[in-house]
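Engineer: with the input below, show me the fold.
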Amino acid sequence: MKKTFMKFVLPLALLFTLTACGTNNQAAPKEDTGKNLLEQIRAEGTIRVGTEGTYAPFTFHDKDGKLTGFDVDLMTEVAKRIGVKPQFVETQWDGMFAGLDSKRFDVVANEVGIRPDRQQKYDFSEPYIVSKAVVLVAKDNNTIHSFADLKGKKAAQSLTSNYADIARKNGAEIVGTEGFNQAIDLILSKRADATVNDSLSYLDLKKQKPDVPVKVVAEQSDGSKSGFLFRKGNKELVDAVNKALEDMKKDGTYLKISEKWFGTDVSK
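Structural biologist: Alright, predicted model coming up:
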């Protein structure tokens, strides 16, 4: 009897705990109720947010295991302003778009680059961050000095990221990773020569681990813009999120969150 009780009660308790913490990695696809998505979200009181949880400083777990980061803070404030609570659904980057397509979440908050090919299939919020791509190598690497030097080298990348595309265009052989931290690990273990990645992630890495033997050898001259990602056909939700972002910039909340994570305004 005890075994039977524990068999059913423990999973329910775990599910309750995950939901109470605002994180649920087992979200089921949302059903069509006939309402627009914003109405449905407000009726349920929850917006489901796809995010990696492994991409510091944007979305990651702190030393106590709590999901945190710039994108997490920003989306939490946006959710508050549209009158609901966020429920973060952690997903590997390479499954992020499929998760959005299958309605496992309503929006993606993961520093998603705004690109023309993505805009053909998805809608984006107004840009909320501008960053530059950099080439990172081990401190003792003296063979790579530019993006062009990636030709024939192994670059550790999330397969469907903007940065993987940049590495491919420069002739690199792609070594698949699950995120920034794994890319750095592959460089340090000499299983990859470099990674093309976000300048802000590198600054956060040096802040957390000042002695990590990794260096920047090249930086793009132009910044790339990122936004929250939505399925097409949900204008009401996109407009509500944009309104929240606009209000946050006007009242200083955006700047406060930006300075918390980066020490500066990263919207420009």
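Engineer: how about the helices in the stretch 1-150 of the chain?
Structural biologist: Ranges of helices within the stretch 1-150 of the chain are 2-20, 37-44, 70-81, 96-101, 116-121, based on DSSP state H, counting those that start in this stretch.
Engineer: any low-confidence regions in the stretch 101-250 of the chain?
Structural biologist: Along the stretch 101-250 of the chain, no part satisfies pLDDT under 70.
Engineer: ok so, going back, could you tell me the least trusted of the helices of the stretch 1-150 of the chain?
Structural biologist: Ranked by mean pLDDT, the helices of the stretch 1-150 of the chain end with helix 2-20 at the bottom, a mean of 37.
Engineer: hang on, Ile257 in a helix?
Structural biologist: Yes. Counting by DSSP: H, G, I helix; E, B strand; the rest coil, Ile257 is part of a helix.
Engineer: so what's the residue count around the closest residue to it other than its chain neighbours?
Structural biologist: In space, and not counting its chain neighbours, Ile257 is closest to Asp73: 4.9 Å by Cβ to Cβ, 6 or more residues apart in numbering. Just so you know, the C-beta spots here come from the backbone N, C-alpha and C atoms, and that holds for glycine as well. By other Cβ atoms under 10 Å, the residues close to Asp73 number 19.
Engineer: again with Gln87
Structural biologist: Gln87 has 21 neighbouring residues, counting by other Cβ under 10 Å.
Engineer: ok, now Arg81?
Structural biologist: Arg81 has 15 nearby residues by other Cβ under 10 Å.
Engineer: which residue comes closest to it once chain neighbours are left out?
Structural biologist: Ala244 (4.0 Å).
Engineer: that neighbour is in what secondary structure piece?
Structural biologist: According to DSSP states H and E, Ala244 maps onto helix 235-251.
Engineer: residues of that helix that come out buried?
Structural biologist: Leu237, Val238, Ala240, Val241, Asn242, Ala244, Leu245, Met248, Lys249 (16 or more other Cβ atoms under 10 Å).
Engineer: farthest pair in these?
Structural biologist: Using Cβ to Cβ, the buried residues of helix 235-251 span at most 19.0 Å, a distance reached by Leu237 and Lys249.
Engineer: what ranges does the stretch 151-268 of the chain have for its strands?
Structural biologist: Along the stretch 151-268 of the chain, the segments classed as strands by DSSP state E, counting those that start in this stretch run 154-157, 173-176, 194-198, 214-219, 224-231.
Engineer: out of those, which is the most enclosed?
Structural biologist: Among those, the stretch with the highest mean neighbour count (mean count of other Cβ atoms under 10 Å) is strand 194-198, at a mean of 29.
Engineer: give me the residues contacting it.
Structural biologist: 111, 131-137, 141, 144, 147, 150, 153-157, 163-164, 166-167, 170, 172, 177, 180, 183-184, 186-187, 217 (Cβ atoms under 8 Å, 6 or more residues apart in numbering).
Engineer: just the buried ones from those residues?
Structural biologist: 111, 131, 133-137, 141, 144, 147, 150, 153-157, 163-164, 166-167, 170, 172, 177, 180, 183-184, 186-187, 217.
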